[in-house]
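Novice: Here is a sequence together with a model predicted from it:
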Amino acid sequence: MDKYVTLGVVTAFFLLAAIIGFVVAELFEERGVIRCCVELSCVCLYLAWLITFLMQLNPLVGPRGNRAIIYGLIAYWPNSLIHDEKDP
């Protein structure tokens, strides 16, 4: 699935959830509090999803080291791949 399609579908889902919550809140006496909670929940959940989605589009590169440093770290750690003992 294309990234723009995913972005559009999830945005439409959260907009639809917010509109449905806005309409359903009219049925209750405390419609202002319910409306505020529903809208705030939709916005916060959408922002959390959007930040996660955008972070995965351009992931950060992990730490880099040359071969000598990596072998030194493996030899230094007691539970590394070189040792024959099983991890606890």
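Specialist: Right, received. Where do you want to start? Since the structure is predicted, the reported quantities are computational estimates derived from the model, not experimental observations. Residues are numbered from 1 along each chain as shown.
Novice: Look up how far residue 8 lies from the residue positioned nearest the centre of the chain.
Specialist: Centroid check for the chain by Cα atoms, centre = their mean gives residue 52 as the closest residue, at 3.5 Å. Residue 52 is 17 Å from residue 8, where distance means Cβ to Cβ, to the nearest Å. The way it works is simple: take the backbone N, C-alpha and C, and place the C-beta from them, glycine included.
Novice: what do you get for residue 57?
Specialist: Residue 57 sits 15 Å away from residue 8 when distances are taken as Cβ to Cβ.
Novice: Okay, buried residues for the lengthiest helix in the chain please.
Specialist: As assigned by DSSP state H, the longest helix anywhere in the chain is helix 31-57. Residues of helix 31-57 classed as buried: 34, 35, 38, 39, 42, 46 (neighbour count, 16 or more other Cβ atoms under 10 Å).
Novice: Tell me the first helix or strand C-terminal of it.
Specialist: Per DSSP states H and E, the first helix or strand lying C-terminal to helix 31-57 is helix 67-76.
Novice: Quickly note the distance from residue 27 to residue 8.
Specialist: Counting by Cβ to Cβ - residue 27 and residue 8 are separated by 30 Å.
Novice: Those two: which is more packed in?
Specialist: Using other Cβ atoms under 10 Å as the criterion, residue 27 and residue 8 rank with residue 8 on top: 11 against 8.
Novice: Which element, helix or strand, includes that one?
Specialist: In this assignment (DSSP H and E), residue 8 forms part of helix 3-24.
Novice: and the angle from that helix to helix 31-57?
Specialist: With axes from the mean of the first three to the mean of the last three Cα atoms, to 10 degrees applied, the angle from helix 3-24 to helix 31-57 works out at 170 degrees.
Novice: Run through who's touching helix 3-24.
Specialist: Residues from elsewhere that reach helix 3-24 (Cβ atoms under 8 Å, 6 or more residues apart in numbering): 34, 35, 38, 39, 41, 42, 43, 45, 46, 49, 53, 57.
Novice: Name the pair among these with the greatest separation in space.
Specialist: Greatest spacing in these, by Cβ to Cβ: 34 and 57 (34.8 Å).
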